[in-house]
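> Provided below are the primary sequence and the corresponding predicted coordinates.
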Amino acid sequence: MNALLSERVRDDERTMYEAIGDAHYAIRYMLLQERLFARLGIVFKFTSLFGGSAAVTGVAINSPVLSSVSGILVALSSILDIVIRPEEKALQCRVVSKRYHKLIRNAERHTLEEHDRKASKIALLQTPQIEGLRVPAYNESSIERGRPDYVQPLNGWQRLLHWLA
């Protein structure tokens with residue numbers, strides 16, 4: 001192990017404060033994903049409605065170009081909506097977030113081992129995993145817990161996803 005890495009390796013016990021912090025991070029991560037997927041769903045629905053209206057207008061004014069482009073836009077938006085299923089993914093994130101909230105509310109009743117076991121079960125639930133939102137979620141949860149010194153810089157992709165969420 002190199003010297004820099006060995007300085008970062010911990011040999012002390014994990015604390016309940018850290019375990020609850022992990023749950024707060026998971027909640028923030030789920031929230032960012034939920035908002036992103038909800039907004040994607042809105043964009044897909046709006047695009048389909050707008051494209052459908054434009055297609056009808058294209059037929060009414062006898063414009064094959066407008067009708068064709070609008071039809072392609074509606075088809076593409078519908079396909080993406082069916083394949084990505086943004087509302088379903090937003091709901092998955094909301095359900096898991098509620099479970100983490102309940103875990104935090106009941107933390108006083110659990111030992112650290114029980115808390116970690118319950119958190120591990122929640123983490124096994126199926127949710128989307130948008131890697132680009134992990135660091136923004138970590139930064140927000142660090143700030144929420146009074147640790148702005150833990151904030152990490154974001155790359156361009158992470159900044160874009162964070163802005164969209």
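Arrived safely, thanks for sending.
> which residues touch whichever strand or helix holds residue 72?
Assigned by DSSP states H and E, residue 72 falls within helix 64-84. Residues outside helix 64-84 that contact it (CB atoms under 8 Å, 6 or more residues apart in numbering) are 37, 40-41, 44-45, 47-48, 50-52, 54-55, 57-59. The way it works is simple: take the backbone N, C-alpha and C, and place the C-beta from them, glycine included.
> low-scoring pLDDT stretches of this structure, where are they?
Residue ranges of the chain with pLDDT under 70: 1-8.
> Look up how far residue 92 lies from residue 44.
17 Å (CB to CB, to the nearest Å).
> and what of residue 23?
Distance, residue 23 to residue 92, using CB to CB: 17 Å.
> where along the protein do the helices fall?
Counting by DSSP state H, the chain has helices at residues 3-8, 16-60, 64-84, 86-105, 112-123, 134-144, 156-164.
> mind giving me CSV with those and columns for mean neighbour count and distance to residue 150?
Shown next, in CSV, are the helices of the chain (neighbours: other CB atoms under 10 Å; distance: least, CB to CB, whole Å):
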stretch, mean neighbour count, distance to residue 150
helix 3-8, 7, 13
helix 16-60, 18, 10
helix 64-84, 14, 32
helix 86-105, 18, 19
helix 112-123, 15, 20
helix 134-144, 19, 4
helix 156-164, 14, 16
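> Skipping adjacent residues, who's closest to residue 50 in space?
residue 73 (7.9 Å; CB to CB, 6 or more residues apart in numbering).
> residues contacting the residue of the chain most remote from its centre?
Relative to the centre of the chain, the most outlying C-alpha is that of residue 62, 43.3 Å out, by CA atoms, centre = their mean. Contact criterion CB under 8 Å, 6+ apart gives no residues in contact with residue 62.
> Residue 52 versus that one, what's the distance?
Separation of residue 62 from residue 52 (CB to CB): 18 Å.
> Spit out the contact partners of residue 99.
Contacts for residue 99 (CB under 8 Å, 6+ apart) come out as 122, 125.
> From the contacts of helix 64-84, pick the one nearest residue 124.
residue 37 (20.0 Å; CB to CB).
> thought the closest one was touching residue 128?
Yes. Using CB atoms under 8 Å, residue 37 makes contact with residue 128 at a distance of 6.9 Å.
> Now do the same contact list for residue 86.
Contacts for residue 86 were tallied using CB under 8 Å, 6+ apart; they are 37-38, 40-41, 44.
> Turn these into a markdown table, including distance to residue 137.
Listed next are these as a markdown table, based on distance: CB to CB, whole Å:
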| residue | distance to residue 137 |
| --- | --- |
| 37 | 14 |
| 38 | 16 |
| 40 | 18 |
| 41 | 20 |
| 44 | 24 |
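> Fine by me, thanks again.
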